[in-house]
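Enquirer: Predicted structure and sequence below. I'll ask about it afterward.
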Amino acid sequence: MPEARAKDRSITLKADGGRSPLTWLVNGDIVGSYERFDAATYLPMGEGLARVTVVDADGRSDTSEIRFKKRR
């Protein structure tokens, strides 16, 4: 059962462009495949850097690094 505040810590992944479906990966692990205008939700496991990649149906991709920190 997820923690009560888990939703507060989740992030929304969105992309502008590409051909559906869009497949999201975080640190090489697949988050899921979604239609172009559907947002993906990811719950970080803790603090640190993460490499977020989105790949479209044509194999085009983009990657960014994100730093996750605890809220104070």
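Expert: Done, it's in. No experiment lies behind these values; they were computed from the predicted model shown.
Enquirer: can you give me the strands in the chain?
Expert: 11-13, 22-26, 29-34, 40-42, 48-55, 61-68 (DSSP state E).
Enquirer: ok, and which of these has the densest surroundings?
Expert: strand 22-26 (a mean of 20; mean count of other Cβ atoms under 10 Å). The C-beta positions use only the backbone N, C-alpha and C, and glycine is treated the same way.
Enquirer: what's it packed up against?
Expert: strand 29-34, strand 40-42, strand 48-55 (3 or more Cβ pairs under 8 Å, 6 or more residues apart in numbering; DSSP states H and E).
Enquirer: how about a cut-off of 7 Å?
Expert: strand 29-34, strand 48-55 (3 or more Cβ pairs under 7 Å, 6 or more residues apart in numbering; DSSP states H and E).
Enquirer: possible to save those strands as JSON lines with distance to residue 16 and mean pLDDT?
Expert: Output for the helices and strands packed on strand 22-26, formatted as JSON lines (distance: least, Cβ to Cβ, whole Å; pLDDT from 0 to 100):
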{"stretch": "strand 29-34", "distance to residue 16": "13", "mean pLDDT": "96"}
{"stretch": "strand 48-55", "distance to residue 16": "10", "mean pLDDT": "96"}
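Enquirer: for the most centrally placed residue in the chain, what are its contacts?
Expert: By Cα atoms, centre = their mean, the chain has its centre lying nearest to residue 13, at 4.5 Å. By Cβ atoms under 7 Å, 6 or more residues apart in numbering, the contact list for residue 13 reads 24, 31, 39-40, 42, 52.
Enquirer: at 8 Å what do you get?
Expert: By Cβ atoms under 8 Å, 6 or more residues apart in numbering, the residues touching residue 13 are 24, 31, 39-42, 52, 54.
Enquirer: Give the bridge partners for residue 53, please.
Expert: Bridge pairing for residue 53 (DSSP bridges) gives the partners residue 25, residue 63.
Enquirer: Leaving out sequence neighbours, find the closest residue to residue 12.
Expert: residue 39 (4.8 Å; Cβ to Cβ, 6 or more residues apart in numbering).
Enquirer: Please apply the same query to residue 20.
Expert: residue 36 (4.4 Å).
Enquirer: I'd assumed residue 54 was in contact with that neighbour.
Expert: No. Assessed by Cβ atoms under 8 Å, residue 36 is found out of contact with residue 54, at 10.5 Å.
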